[in-house]
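Asker: With the input below, show me the fold.
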Amino acid sequence: MDKKIKVLLGLVVLGLIIGTFLIKNSLRGVEPYKSYYSEGKIREVSTTKNGKLNGPFKSYYPGGQLKLKCTYKDGKKEGAAQFYFEKSGKLQARVTYKNDLSEGTSKFYFENGKLQAEMNYKAGMLDGVSKTYRSSGEIIYIDNYRNSQLESRKPFNDIEKPKVK
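Answerer: Residues are numbered from 1 along each chain as shown. Here you go, the predicted model:
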């Protein structure tokens, strides 16, 4: 069989496979979605199911750098989400969501990659111990929250430093 015919048949088969996948997903209400900035660069890549965001989601800055990577379930953020700095592309924050609300420990970073803050959330509200750091890594203060209300704050000088031997 001629090489061109083999390539053409391969493309036809591939087209049928992709078409079948798209039709099956469309019948299930699942549709890929992409949006673009006016300059033509990608803004978002996601999947919708029955008109709601569902599955992996990525958004980008106008310059093309990744801004946010997360997962949606029935139109709500679910699971780990990563936010990125525009200029460096480094991790800016890692937040866990449950039913579109922050849940558990969220970590925020300086652009140099060092930890800036650790905050605990329960149903979208600050709850428990939160720590804030200097870019050098030293603790500035430790806060204790309940239902997003600050209950106590210990400035760095009030926290015992480990003794170096």
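Asker: Can you tell me how far Trp57 is from Gln92?
Answerer: Check again: residue 57 is Phe, not Trp. Counting by CB to CB, to the nearest Å, the gap from Phe57 to Gln92 is 16 Å. Yep, even glycine has a C-beta here, placed from its N, CA and C like the rest.
Asker: For this protein, give me the ranges with low pLDDT.
Answerer: 1-28, 157-165 (pLDDT under 70).
Asker: At which residues are the helices of it located?
Answerer: Under the criterion DSSP state H, the chain carries helices at the ranges 3-27.
Asker: Skipping its backbone neighbours, what lies nearest the residue minimising distance to the centre of it in space?
Answerer: In the chain, the centroid-proximal residue (CA atoms, centre = their mean) is Ala81; its distance is 2.6 Å. Leaving aside its sequence neighbours, Ala81 sits nearest to Cys70 (CB to CB, 6 or more residues apart in numbering; 3.6 Å).
Asker: The one you found: how many residues sit nearby?
Answerer: Under the neighbour criterion other CB atoms under 10 Å, Cys70 is assigned a count of 20.
Asker: That one contacts Lys77, doesn't it?
Answerer: Yes: with contact defined as CB atoms under 8 Å, Cys70 counts as touching Lys77 (5.4 Å).
Asker: Run through who's touching stretch 65-73.
Answerer: Applying CB atoms under 8 Å, 6 or more residues apart in numbering, the external contacts of stretch 65-73 come out as 46, 52-61, 77-84, 86-87, 89, 97.
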